[in-house]
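> the sequence isn't on hand, but the structure is:
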């Protein structure tokens, strides 16, 4: 109730305090398909200021009454100039057209100068048209892989799930699809992301200076916005690749009022395996596949009201059978996500978005051998709501305030085991319930032409509630009693303020200095027992025992553009502190939480990370791309791990270099390349061996004290486009004329790991032979996943 | 027991899939090696205490048989006490064994008789203390100026309800050994399963020989174990490896042990079964020896059952 009263007060204050000026507001959309354009620059040259459209393509500028020229600029689109005599609040919806096929040179990022001018710190936006020109692993265009080419962002390894931002763990990234949280954004153990490129409009990564409207994670926000669908014409597009195919259908529900998009994708590794494994083989029936579906509707109810319904459902299915052993395994996992959003325009200055979101992540494992059956489930279900107001009182301020709420249901691990009719006691299915809520206010304020500030405050609160059973450990280390909490009984509450601040100081010669500070609470944790990230990693909430993570980050950067903003450069330094991080106890194993709480197996510590990021980007012309370099150090210290000594995080990398380039040779050919160099990941290997009861055993050294060889790789791509027009002879005039083709297609060729580098995936100590035969040998072996892999994908649309 | 290990089997499968990809030997710096004492000591009902001491070897140290033998420790002082009697254990070296025991000791150490006679290995055996149910035994080791201590108990033994052989429908004449057990309602019981042919001396351990009652506390249930001896017998066909043959006579040794000691063996077998698996976590075994030594000092309380494999 307090939050609601605060929101109403803020609304009324701003509505009545700034009613004298007039506003220009509206939506900016793509002329060809009606898609809202996110981040389109609405610029007023006379006041040398402007705004960007929000996630729904909406903009609003409040100005003194008068005559203005407004310029609408977006990516590879033709800029539109509008003259307006502003005497009263005016609605101005603008459609702009893509110029990508009409110019010899194209501009990837038309938000020229934003790198220097914006007060946003550590934020990178990527357009799908740019991502699609880069080399793709097995032909699958992947936004997460592209994100990992940015400075400050890294992956654990080729097969690692998630990504790491400035020394934070993969759980510290808030991944949102149309505002709904995604807990596991990976297919096939991280080789592919869950984001189907055909369904994605664009991605924005905020790795520092997180605005107050985001929270619940400490490191970054990755916003993935799905396409809304063509509201003018029906379109079909798709692609057929080496291991998967995809198909997208979009069209108007009612022309210029509403549209839909339905996009699906499926791999056929299982079919290839089926062909390779004969029916007589004991392994017949083993296989793997994933599929995903994206669906989105949007409808303009009135000029002031729009609704959006987005859905995602994706699943990975791994099956293994061995008839000789009478053994089989089924392991499905996946996400189901839905978001219902309502935009309402109270007046030209006040925009509201209300969202209801649902997220369901499930991991299951079931095996049978003879009469024994074993199953394991884990997952998360979130039901959430958010209300967000954007207020544009004048060109100097943009205010946002709102509140959000999530009800979490966590199933860290639920195990059942049976043998014939005997059901083994595996303890209670441990579900954990919690409420997470927050209220926030933030202001982007231009103090002067040179100084911009982004100031925000967020208050978050969290309650761990029943039903819940707390296991109490006895003398021998096994649970011998329990405490039971009733449904909705508050077991433990947490909360606190999260201040956010960033500034931009504009210097002469198209350069600026930006700095920022942010403090975040995080009420969910991800724990892993493995040396590599897996879907079996367990999401675990804050409880009475596991306290919320908290972290602060401060960063300072110098930004400078050259050659009329064609070259953007920056250098940013950051320091990040993290508290209440969790890890499993030394020697903990998955089965240890039977008749126990998972948090009884955890230990708690802190971490820190610091580094410097260099970024050089060319975003104009035939030749575009970037070079990103990061020097960083990331450490953790846990009282109960590594004898209390600090140790490097497993993704600690001293050097990380990415070079990304795209060259558009002609209308028909575009070439892309990416090169990565990264210091090897850390891991824990045995330092010594010994024998007990004739068994060879290992004793491991300090945690993450061994470093693998550096990772480097070059990928290349080439895309051939068919001719966009066909020539016809006018039957009346007899003249030749070029007609735009309805059916378009292209061939995308990619070569992954061009020089066939054997990059380390992990290391292990192997033993071969026998003491008695004199051929016993211990050796450290490196496993490499992918050699050089060429691929080709045929893409089409009509 | 099989059900407990299916989850691990899956990870083994995953690692095999990964290993389909390329692997090669690399030389990489693994810092942090230090030489540590390893204790392999036990006391069983009706038997003297036995302690074998060795030292850890650098991961890159040579792995020939001489290095292995040189790792054993002699000259240490090993004391076992039951609270009333304190016994300094006798050091016995393999070049000075009582007549007729060479073969048993060689089999126990997993080395040829000629080898242990040529390169003596020393172990420590109690003279005055014999294991008794209900007693607690402390262990003190003095080696190179360091003192290491531990303590273990011999718990009450647990009888199997029954032991039988069941023929596999698809493999006439072969089957696993099956047992029925009623676990006591107190949580924390731990067991070890060993087996041998009646005609042989030493017991062998099957896959997953140690278990505790986390899954089956207070339940009566049946379970099966395979024939571990068959895997090292070159005269047994592959198709029937793991099975007992109709007519075999076997002895099952079913022992109880303490929960603390069980944790050492639980982690030990997890380490063995997940060796080289990227999906596993590096696990150092939780030793119950103080002073920085590795290994375990454990009291076993066995029961013995003889089974003739027949329907």
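Happy to help now that I have it. What you see is a predicted model; the values in this text were computed from it and never measured.
> for chain B, give me the ranges with low pLDDT.
B:1-21, B:275-280 (pLDDT under 70).
> break it into its domains for me.
B:37-153, B:157-270+B:301-308 (automatic domain parsing).
> save those as a markdown table, and put in mean neighbour count and distance to chain A too.
Where you see a C-beta, it was placed from the backbone N, CA and C, and this is true even at glycine. Conversion of those to a markdown table gives the following (neighbours: other CB atoms under 10 Å in any protein chain shown; distance: least, CB to the nearest CB, whole Å):
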| stretch | mean neighbour count | distance to chain A |
| --- | --- | --- |
| domain B:37-153 | 17 | 4 |
| domain B:157-270+B:301-308 | 17 | 4 |
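> export the ones you listed to TSV and tack on distance to residue A:637?
Putting the domains of chain B into TSV (distance: least, CB to CB, whole Å) gives the following:
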stretch	distance to residue A:637
domain B:37-153	26
domain B:157-270+B:301-308	24
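> show me where the stretch 201-311 of chain B has helices.
With helices called from DSSP state H, counting those that start in this stretch, the stretch 201-311 of chain B shows them at B:259-273.
> so which residues of it form strands?
Secondary structure of the stretch 201-311 of chain B (DSSP state E, counting those that start in this stretch): strands at B:210-212, B:220-225, B:244-245, B:249-257, B:294-308.
> note down every partner strand of the second one and its orientation.
Using DSSP bridges, the strands paired with strand B:220-225 are strand B:171-182 (antiparallel).
> and the next helix or strand after the strand it pairs with, what other elements does it pack with?
As assigned by DSSP states H and E, the chain's next helix or strand after strand B:171-182 is strand B:190-197. Packing partners of strand B:190-197 (3 or more CB pairs under 8 Å, 6 or more residues apart in numbering or on different chains; DSSP states H and E): strand B:210-212, strand B:249-257, helix B:259-273.
> quick one: contacts for residue B:163?
Going by CB atoms under 8 Å, 6 or more residues apart in numbering or on different chains, residue B:163 touches B:177, B:178, B:179, B:180, B:252, B:305, B:307.
> closest to residue A:585 among these?
Closest approach between the contacts of residue B:163 and residue A:585, by CB to CB: residue B:179, at 32.7 Å.
> can you name the residues bridging to the closest residue to residue A:177 other than its chain neighbours?
Ranked by CB to CB, 6 or more residues apart in numbering or on different chains and with sequence neighbours excluded, the top spatial neighbour of residue A:177 is residue A:224, at 4.9 Å. Assessed by DSSP bridges, residue A:224 has beta-bridge partners residue A:177, residue A:203.
> residue A:224: neighbour count?
Neighbour count of residue A:224, defined by other CB atoms under 10 Å in any protein chain shown: 26.
> OK, contacts around it?
Counted by CB under 8 Å, 6+ apart, residue A:224 has contacts A:143, A:175, A:176, A:177, A:178, A:182, A:195, A:200, A:203.
> so residue B:54 touches residue B:72, yeah?
Yes: taking contacts as CB atoms under 8 Å, residue B:54 lies within contact range of residue B:72: 4.9 Å.
> and whichever residue of the stretch 201-350 of chain A sits closest to chain B, what's its pLDDT?
Chain B sits closest to residue A:329 of the stretch 201-350 of chain A, with a gap of 5.2 Å, by CB to the nearest CB. Per-residue confidence (pLDDT) for residue A:329: 78.
> quick one: name whatever helix or strand follows the helix or strand where it lies.
Using DSSP H and E, residue A:329 maps to strand A:327-347. Next helix or strand after strand A:327-347 toward the C-terminus (DSSP H and E): strand A:350-369.
> mind listing what that next one pairs with, with the direction of each?
strand A:327-347 (antiparallel), strand A:372-394 (antiparallel).
> quick one on the thing from earlier: of the contacts of residue A:224, the lowest pLDDT goes to which?
Among those, pLDDT bottoms out at residue A:143, giving 84.
> let me see the ranges of the helices in chain A.
A:2-17, A:114-117, A:128-131, A:143-147, A:269-276 (DSSP state H).
> just how off-centre is the third one within its chain?
Distance of helix A:128-131 from the chain centroid (CA atoms, centre = their mean, to the nearest Å) equals 16 Å.
> repeat for the second one
Offset of helix A:114-117 from its chain centre (CA atoms, centre = their mean): 23 Å.
> show me what that helix is packed against.
Here helix A:114-117 touches strand A:490-507, strand A:511-522, strand A:549-562, strand A:567-584, going by 3+ CB pairs under 8 Å, 6+ apart.
> can I get those in a markdown table with mean pLDDT and mean neighbour count?
A markdown table is the format used below for these (pLDDT from 0 to 100; neighbours: other CB atoms under 10 Å in any protein chain shown):
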| stretch | mean pLDDT | mean neighbour count |
| --- | --- | --- |
| strand A:490-507 | 94 | 17 |
| strand A:511-522 | 94 | 22 |
| strand A:549-562 | 93 | 21 |
| strand A:567-584 | 93 | 20 |
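> among those strands, which is nearest residue B:289?
strand A:567-584 (23.5 Å).
> list the neighbouring strands of the closest one plus their orientation.
strand A:549-562 (antiparallel), strand A:602-618 (antiparallel).
> which residue ranges form the helices in the stretch 51-200 of chain B?
Along the stretch 51-200 of chain B, counting by DSSP H, counting those that start in this stretch, helices occupy B:65-70, B:102-109, B:113-118.
> which helices and strands sit right next to the second one?
So that's helix B:102-109. Identification of packing neighbours for helix B:102-109 by 3+ CB pairs under 8 Å, 6+ apart yields helix B:113-118.
> next: the last one.
Counting contacts by 3+ CB pairs under 8 Å, 6+ apart, the secondary-structure elements packed against helix B:113-118 are helix B:102-109.
> can you name the two of the contacts of residue A:224 that sit furthest apart?
Of all pairs drawn from these, the widest gap by CB to CB lies between A:143 and A:178 and measures 14.1 Å.
> the two: which has the busier surroundings?
residue A:178 (25 against 22).
> what is the mean pLDDT for stretch A:357-366?
What stretch A:357-366 shows for mean pLDDT is 89.
> can you list the residues that contact that stretch?
By CB under 8 Å, 6+ apart, the surrounding residues in contact with stretch A:357-366 are A:179-184, A:329-340, A:373-386, A:535-536, A:539, B:7, B:10.
> how far off centre is that stretch?
Relative to its chain's centre, stretch A:357-366 lies at 18 Å (CA atoms, centre = their mean).
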